[in-house]
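>>> Attaching a predicted model along with its sequence, questions to come.
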Amino acid sequence: MTVLILKNTPNEGPGTIEDCLAGHNIRYSIIDLSSEEIPMTDDFDALVILGGPMSANDADKIPYINKEIELVRAFSGKGKKVLGICLGAQIMARAYGARVYPGAEKEIGWYDIELDYSGGIDSLMGALAQDPETREYLKSIKVFQWHGETFDIPAGAVRVAKSQLYPNQAFRYGEKAYAFQFHIEVKEETIYEWLKAERVDMAVLKRDTELFFKKYQQRARNFYRDFFETA
């Protein structure tokens, strides 16, 4: 397994994804698209696209967004794995033919999302939703959010998470592509660094992060394990 990780902006890195890959001796390359060119991709088995402050609709101003859209289609077309986070999820939505547009309001901080089990428990989402201590499959989980746009579910995709404010929080396309509006990859220290200039109650943010982060990180590791290590 060799993973290509694309950064859309210097300060949004792979966080706990990189920790997992390094810890399991999985080869990976990180490319910062703001300053680096995308390498030849034939040798990569999985594609990860991270977040950024721009819009997936900004391809006219940021040409590498179109390259990411093309890569999503190419990886999926070859049956390879794709994981998109926040902007990366929106880029995936566009690659598969769906709209990306502003949400009703921004989500910044810790929010509940509801796992969509209408088609049964998705195998990888089950890893994310399972309580690390009780092993119970939770209907609702806390996730860390920082976004103002959303997407429609592409034709042929399956919605796997939702919320009241943002009905489309995550989808699976085929069996190997997952798009998450929320930031599964975030580290605890990164949360404070990202939001230091935002209009948020830092005392509430610190309280919530201390309450939710440990289990969030454990659930994220379970998802990475199943996503990157299964055939």
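Received, thanks.
>>> make it CA atoms for all contacts and neighbour counts henceforth
Noted.
>>> what's whichever strand in the chain runs longest in contact with?
Counting residues, the longest strand found in the chain (DSSP state E) is strand 100-115. With C-alpha atoms under 8 Å, 6 or more residues apart in numbering as the test, strand 100-115 has contacts from 56-57, 90, 93-94, 125, 129, 138-152, 160-163, 165-166, 169, 200, 205, 208-209.
>>> How about stretch 171-180?
Against stretch 171-180 from outside (C-alpha under 8 Å, 6+ apart): 76, 79-86, 88-90, 92-93, 153, 156-161, 169-170.
>>> Can you flag which of these belong to helices?
Among the contacts of stretch 171-180, the members falling in helices (DSSP state H) are Ser76, Gly88, Ala89, Gln90, Met92, Ala93.
>>> now that we have those, which one has the most neighbours?
When neighbours are counted by other C-alpha atoms under 10 Å, Met92 leads the ones in helices among the contacts of stretch 171-180 with 33 neighbours.
>>> Run through the neighbouring helices and strands of the helix or strand of the chain with the lowest mean pLDDT.
Averaged element by element with mean pLDDT, DSSP states H and E, the chain has its least confident helix or strand at helix 123-129 (a mean of 87). If contacts are counted by 3 or more C-alpha pairs under 8 Å, 6 or more residues apart in numbering; DSSP states H and E, helix 123-129 sits against helix 202-229.
>>> Taking strand 100-115 as reference, get the angle to the helix it packs on.
80 degrees (axes from the mean of the first three to the mean of the last three C-alpha atoms, to 10 degrees).
>>> Next one: Ile49 from Leu6, what distance?
Separation of Ile49 from Leu6 (C-alpha to C-alpha, to the nearest Å) stands at 5 Å.
>>> Could I get the pLDDT score of Gly119?
Note for Gly119: predicted pLDDT of 64.
>>> got a pLDDT number for Pro39?
The score at Pro39 is 84. That number is its pLDDT.
>>> same check, this time on Lys106
Note on Lys106: pLDDT of 93.
>>> tell me, how many neighbours does it end up with?
15.
>>> how close does it get to Ala22?
Lys106 is 33 Å from Ala22, where distance means C-alpha to C-alpha.
>>> same check, this time on Val200
Between Val200 and Ala22 the distance is 33 Å, computed by C-alpha to C-alpha.
>>> just Phe228 next, same as before
Per C-alpha to C-alpha, Phe228 is found 12 Å from Ala22.
>>> Those two: who's more crowded?
Neighbours per residue, other C-alpha under 10 Å: of Phe228 and Ala22, the larger number sits with Phe228, 22 against 12.
>>> check contacts around the more buried one.
By C-alpha under 8 Å, 6+ apart, the contact list for Phe228 reads Met1, Ala46.
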